[in-house]
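Chemist: Build me a model from this:
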Amino acid sequence: MFRASGSLSTACKPGIEGAASGVPSDVLYFCDNPAYIYVMASSKPFPDAIERLRAAGLRPTRQRLALAQLLFGGGDRHVTAEALHGEALASAIPVSLATVYNTLHQFTAAGLLREVVVEP
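Modeler: Presented below is the predicted three-dimensional model:
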């Protein structure tokens, strides 16, 4: 289980419908969900997340930014990799469970998260 803390703002504007709306075609390979395409095509979709990742020495990739927004956008909480993966899929973020695990470990190593071991 991982503990996320902090807050991030989002610059997402709803209502954009695919490439016909002027969304750059270079992100269409990632997924066909219009909301996801719009958010990830924004010039700075999560400015706080970008700065937080860079300050921790991590490159702000699309998947890291999306997972950071899910983790830190809702305030302090405990989360498992499986729960975060489910949230990502529900938010139309195409990410594998392995990527979620890798990202959580990278965030922990960078000091953005703390791992909490819960024994039965």
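Chemist: mind checking the longest helix of the protein?
Modeler: Secondary structure of the chain per DSSP state H: the longest helix is helix 97-109.
Chemist: Report how many residues lie close to Ala110.
Modeler: 14 (other C-beta atoms under 10 Å). Glycine gets a C-beta too; all of them are placed from N, C-alpha and C.
Chemist: For the longest helix of the chain, buried residues please.
Modeler: Using 16 or more other C-beta atoms under 10 Å as the test for burial, helix 97-109 gives 99-100, 103-104, 106-107.
Chemist: and which of those residues is nearest to Leu53?
Modeler: Phe107 (8.7 Å; C-beta to C-beta).
Chemist: okay but the closest one is in contact with Glu115, surely?
Modeler: No: counting by C-beta atoms under 8 Å, Phe107 sits too far from Glu115 to count as a contact (9.8 Å).
Chemist: hang on, the earlier thing: which neighbouring elements make contact with the longest helix of the chain?
Modeler: strand 2-4, helix 62-72, helix 81-90 (3 or more C-beta pairs under 8 Å, 6 or more residues apart in numbering; DSSP states H and E).
Chemist: In terms of secondary structure, what does the second one contact?
Modeler: Going back to what we said before, that points to helix 62-72. strand 2-4, helix 34-41, helix 47-55, helix 81-90, helix 97-109.
Chemist: With mean pLDDT and distance to Ala66 as extra columns, can I get those in TSV?
Modeler: Listed next are those as TSV, based on pLDDT from 0 to 100; distance: least, C-beta to C-beta, whole Å:
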stretch	mean pLDDT	distance to Ala66
strand 2-4	55	14
helix 34-41	59	7
helix 47-55	87	9
helix 81-90	94	7
helix 97-109	95	10
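Chemist: what's the closest of these to Ala68?
Modeler: So among the helices and strands packed on helix 62-72, helix 47-55 is nearest, using C-beta to C-beta, at 4.2 Å.
Chemist: Show me what counts as buried in the closest one.
Modeler: Buried-residue list, helix 47-55, by 16+ other C-beta under 10 Å: 48-50, 52-53.
Chemist: Nothing else from me, thank you.
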